[in-house]
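> Turn this into a structure:
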Amino acid sequence: MNEMNIPPKPSNVTWTDEQWKAITAQGRDILVAAAAGSGKTAVLVERIIRKITATEEPLDVDQLLVVTFTNAAAAEMRHRIGEALEKEINHHPNSYHLRKQLGLLNRASISTVHSFCLEVIRKYYYLIDIDPGFRIADETEGQLLIDEVINELFEEQYGKKDNEAFFALVETFTNDRSDEAMQKIVTELYEFARANPNPEQWLHSIVEMYNVDSSTSINDLPFIDTLLYQIDLQLKGAYRLLKEAYELTKLPGGPAPRAETYLSDLQLVEHLINAHNDSWETLYNGMQTLAFSRAKACRGEDYDQTLVARAQQFRDQAKKILTDLQSDLFSRKPSSFIQDMREMSGHIQTLVNLVKTFSIRFNSVKKSKGLADFSDLEHYSLEILTANQLEDGTRQPSEAALFYQKQFKEVLVDEYQDSATRC
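Below is the predicted model:
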């Protein structure tokens with residue numbers, strides 16, 4: 001954080017050091033991660049207020065693009081900024097700049113991401129092939145169209161001659177009574193693909209991921225780093241729980257006879273963490289020896305049963321984390337995962353082809369009815385804001401994008417965890 005030009009925190013402010021950094025940091029993108037109710041939105045509002053009340057080069061509130069997850073949250077955000085501005089005006093009643101901000105607040109870009117996308121489309125619809133008179137389909141209407149298109153697609157697939165790849169896919173993922181599960185997979189994969197800037201490219205990457213040969217190591221798979229990261233979090237979480245249990249043995253009335261057991265557990269998890277840092281195969285071998293010793297009894301008046309129970313709870317939680325990892329990911333040899341992927345490769349290709357066909361037909365039906373959904377708003381906006389895309393995937397800004405770059409000096413996103421796939 002030292003490279004973010006953070007000014008010293010005044011002694012009279014009540015913000016924590018971390019909050020102060022989030023409020024004042026400059027010079028790079030900033031992600032604030034904190035628990036619910038910890039004041040993230042208050043920090044964002046304070047950052048906005050400081051931007052528009054700065055003594056040097058203050059911004060106008062309409063030079064900020066503020067995005068949140070719901071219309072209600074956007075209205076609340078605008079209200080909070082208005083209240084904060086009024087307080088500042090009370091301190092500086094002769095400030096023309098502050099009074100100007102109150103006037104600009106009603107037209108400031110404080111909205112959901114889809115409201116902003118709609119604004120972009122209404123203004124620049126002529127740059128893409130779209131009917132400006134489109135309307136947003138409601139949830140029921142959209143689902144009925146999805147059901148109609150997916151049912152017709154499956155009926156067509158069943159009617160094709162020599163369509164063995166489709167039949168094999170259905171047999172793999174569904175039972176004999178209904179295609180509902182298979183259809184759900186197709187539509188959910190479609191929705192997930194649409195959450196990416198380039199759905200076609202993302203779907204292609206799924207197919208490529210399964211194109212492995214027998215010599216491929218599990219450590220070479222494209223998703224292994226993400227999976228190992230999640231495993232690392234689980235192992236370290238188990239370690240923290242066992243550490244808590246061990247610390248309780250040191251308290252008066254604590255389960256002291258179990259200290260040796262908890263230390264043994266900690267050494268076991270340390271061994272797994274070290275194995276995780278080496279390779280999947282090493283971690284697999286470590287998981288095969290996973291075993292826990294029986295904890296000694298702690299009965300009688302010498303022990304606080306509340307502390308004993310709490311320590312046992314921590315240990316039970318840690319053991320569940322480890323045994324779940326063992327059964328979910330390490331009950332089979334690493335080579336079996338490679339074999340599974342090779343066997344699934346053809347099914348995945350067939351599935352992706354179905355998703356692509358569904359996408360083309362669903363989008364065609366929507367256009368014919370003059371409808372769009374929220375995902376369409378995102379992709380229409382992206383198309384408007386992109387002049388062209390280079391081979392490496394880099395997007396070049398269009399004239400519309402350059403206009404917004406000039407208008408907005410900073411983009412602030414509230415509730416990013418809910419909007420992450422859309423921003």
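> going forward, measure contacts between C-alpha atoms and count neighbours the same way
Noted.
> in the protein, which spans are strands?
Taking DSSP state E as the test, the strands found in the chain are 64-68, 109-112, 135-136, 371-372, 386-389, 395-397, 410-413.
> Partner strands of the last one and their direction?
Right, the one you point to is strand 410-413. Using DSSP bridges, strand 410-413 pairs in its sheet with strand 64-68 (parallel).
> measure the residue lying closest to residue 17 once chain neighbours are set aside to residue 389 for me?
Nearest residue to residue 17 in three dimensions, chain neighbours excluded: residue 9, at 7.6 Å (C-alpha to C-alpha, 6 or more residues apart in numbering). Counting by C-alpha to C-alpha, to the nearest Å, the separation of residue 9 from residue 389 is 43 Å.
> likewise residue 311?
56 Å.
> And these two? Which one has more around it.
residue 311 (24 against 11; other C-alpha atoms under 10 Å).
> show me what contacts the closest residue to the more buried one other than its chain neighbours?
The spatial neighbour of residue 311 that comes closest, neighbours along the chain excluded (C-alpha to C-alpha, 6+ apart), is residue 245 at 4.3 Å. Neighbouring residues of residue 245 by C-alpha atoms under 8 Å, 6 or more residues apart in numbering: 262, 310-312, 314-315.
> Closest one to residue 112 out of these, please.
Nearest to residue 112 among the contacts of residue 245, counting by C-alpha to C-alpha, is residue 314 at 41.1 Å.
> just for the chain, where's the confidence low?
Low-confidence segments of the chain, defined by pLDDT under 70: 1-4, 176, 416-423.
> any idea which helix is longest in it?
Longest helix in the chain by number of residues (criterion: DSSP state H): helix 334-368.
> by contact count, what packs against that one?
helix 139-159, helix 164-173, helix 180-194, helix 199-209, helix 280-288 (3 or more C-alpha pairs under 8 Å, 6 or more residues apart in numbering; DSSP states H and E).
> got the angle for that helix vs helix 180-194?
Compare the direction of helix 334-368 with that of helix 180-194 by axes from the mean of the first three to the mean of the last three C-alpha atoms, to 10 degrees and you get 80 degrees.
> number of nearby residues for the residue lying closest to residue 276 once chain neighbours are set aside?
Using C-alpha to C-alpha, 6+ apart and skipping residues adjacent in sequence, the residue nearest residue 276 is residue 283, 5.1 Å away. The number of residues packed near residue 283 is 18, by other C-alpha under 10 Å.
> separation between residue 283 and residue 320?
For residue 283, the distance to residue 320 equals 17 Å [C-alpha to C-alpha].
> Can you spell out the domain ranges of the chain, please?
Annotated domains of the chain cover 2-126+404-422, 218-331 [automatic domain parsing].
> got the ones you listed as a markdown table, with distance to residue 152 columns?
As requested, the domains of the chain are exported to a markdown table (distance: least, C-alpha to C-alpha, whole Å):
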| stretch | distance to residue 152 |
| --- | --- |
| domain 2-126+404-422 | 30 |
| domain 218-331 | 34 |
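> So which residues make contact with stretch 42-57?
For stretch 42-57, using C-alpha under 8 Å, 6+ apart, the contacting residues are 19, 22-24, 58-61, 77, 80-81, 84-85, 98, 101, 412, 414.
> Ok, stretch 137-157 next?
So stretch 137-157 is contacted by 163, 166, 183, 187, 358, 361-362, 365, 371-373 (C-alpha under 8 Å, 6+ apart).
> coming back round to it: so which of the helices and strands packed on helix 334-368 gets nearest residue 225?
The nearest among these, by C-alpha to C-alpha, is helix 280-288 at 10.2 Å.
> Remind me what the closest one packs against, helices and strands.
Judged by 3+ C-alpha pairs under 8 Å, 6+ apart, helix 280-288 is in contact with helix 259-278, helix 334-368.
> want to throw those helices into JSON lines with distance to residue 44 and mean neighbour count?
What follows is the helices and strands packed on helix 280-288, written out as JSON lines (distance: least, C-alpha to C-alpha, whole Å; neighbours: other C-alpha atoms under 10 Å):
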{"stretch": "helix 259-278", "distance to residue 44": "37", "mean neighbour count": "17"}
{"stretch": "helix 334-368", "distance to residue 44": "37", "mean neighbour count": "17"}
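> how about the ones you listed, which one is nearest residue 200?
Residue 200 sits nearest to helix 334-368 of all these, at 7.7 Å, using C-alpha to C-alpha.
> Name the residues of stretch 172-182 that are buried.
residue 182 (16 or more other C-alpha atoms under 10 Å).
> TSV for the contacts of stretch 137-157, including distance to residue 305?
As requested, those are exported to TSV (distance: C-alpha to C-alpha, whole Å):
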residue	distance to residue 305
163	66
166	60
183	53
187	52
358	60
361	64
362	62
365	66
371	64
372	61
373	57
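> Show me which of the residues you listed is closest to residue 343.
Proximity of the contacts of stretch 137-157 to residue 343 (C-alpha to C-alpha) peaks at residue 166, which lies at 15.0 Å.
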